[in-house]
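S.K.: Please find the sequence and the predicted model below.
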Amino acid sequence: MSTVTATTTPTARKELSLTRINMMRAGYAFMGIGLALVKWPLLPEAHTLPLYEGVTLALLTAMSLLAWVGLRYPVKMLPVLLFETTWKLFWLPLVALPTALSGDMTAAMTTVMVNCFFVAPVIAVTPWRYVWTEYVRASGDRWRR
């Protein structure tokens, strides 16, 4: 039986500054507090909601709880910030924009669209260079871990 040893040295992880980590914590707090204020009061009546409104309530309530975990573990919970940014950046041009251009925007959709613009602080606190080096440009050996 032969053993395989890695001949390459692991790349040094780029460390985030305490300022950047605290900015991320502010983003998690923004998400956690905002979602808790808006979504948690709806939980007692969740069983009365239409299907997809109930699904959305459950999803966003879970996101708020994960945001609270991000206060303690900001780097480990970075995918929460990425998910929050990604779904809104997909929804705005794929759903809101075509609907607005066709003139079919309802009051409910307008509310969701306005709420989606609150992603700006999350985008601002996300360490995009770190995301690039740790998630996007990851070397091939990461697939073997």
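M.R.: Nice, thanks for sending it over. Note that this is a predicted model, so its numbers are computed, not measured.

S.K.: use CA for all of it now, contacts and neighbours both
M.R.: OK.

S.K.: Where does pLDDT dip in the protein?
M.R.: 1-14, 138-145 (pLDDT under 70).

S.K.: so where do the helices sit in it?
M.R.: Along the chain, the stretches classed as helices by DSSP state H are 18-39, 51-72, 78-91, 97-102, 107-116, 120-125, 128-131.

S.K.: now those helices as TSV including distance to Arg137 and mean neighbour count?
M.R.: Below are those laid out as TSV (distance: least, CA to CA, whole Å; neighbours: other CA atoms under 10 Å):
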stretch	distance to Arg137	mean neighbour count
helix 18-39	21	18
helix 51-72	23	17
helix 78-91	16	16
helix 97-102	31	12
helix 107-116	28	13
helix 120-125	19	16
helix 128-131	9	14
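
S.K.: wait, which of the ones you listed is closest to Glu45?
M.R.: helix 51-72 (9.5 Å; CA to CA).

S.K.: distance between the closest one and the chain's centre?
M.R.: Distance, stretch centre to chain centre, for helix 51-72: 10 Å (CA atoms, centre = their mean, to the nearest Å).

S.K.: try stretch 16-29
M.R.: On CA atoms, centre = their mean, the centre of stretch 16-29 falls 14 Å from that of its chain.

S.K.: The helices of the chain into TSV, with extra columns for distance to Glu45?
M.R.: Output for the helices of the chain, formatted as TSV (distance: least, CA to CA, whole Å):
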stretch	distance to Glu45
helix 18-39	11
helix 51-72	9
helix 78-91	25
helix 97-102	30
helix 107-116	19
helix 120-125	29
helix 128-131	38
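
S.K.: ok, Leu89 to Lys76 distance?
M.R.: 22 Å (CA to CA, to the nearest Å).

S.K.: typo on my end, Ala62
M.R.: From Ala62 to Lys76 the distance is 16 Å (CA to CA).

S.K.: Then Gly70?
M.R.: 7 Å.

S.K.: Can you name the residues that contact Pro127?
M.R.: Taking CA atoms under 8 Å, 6 or more residues apart in numbering, we find Pro127 in contact with 20, 24.

S.K.: The one 5 residues further on too?
M.R.: Under the criterion of CA under 8 Å, 6+ apart, the contact list for Trp132 is empty.

S.K.: Let me see the residues that make contact with stretch 80-99.
M.R.: Stretch 80-99 has contacts (CA under 8 Å, 6+ apart) with 27-28, 63, 66-67, 70, 105, 109, 113, 116, 119, 122-123, 126.
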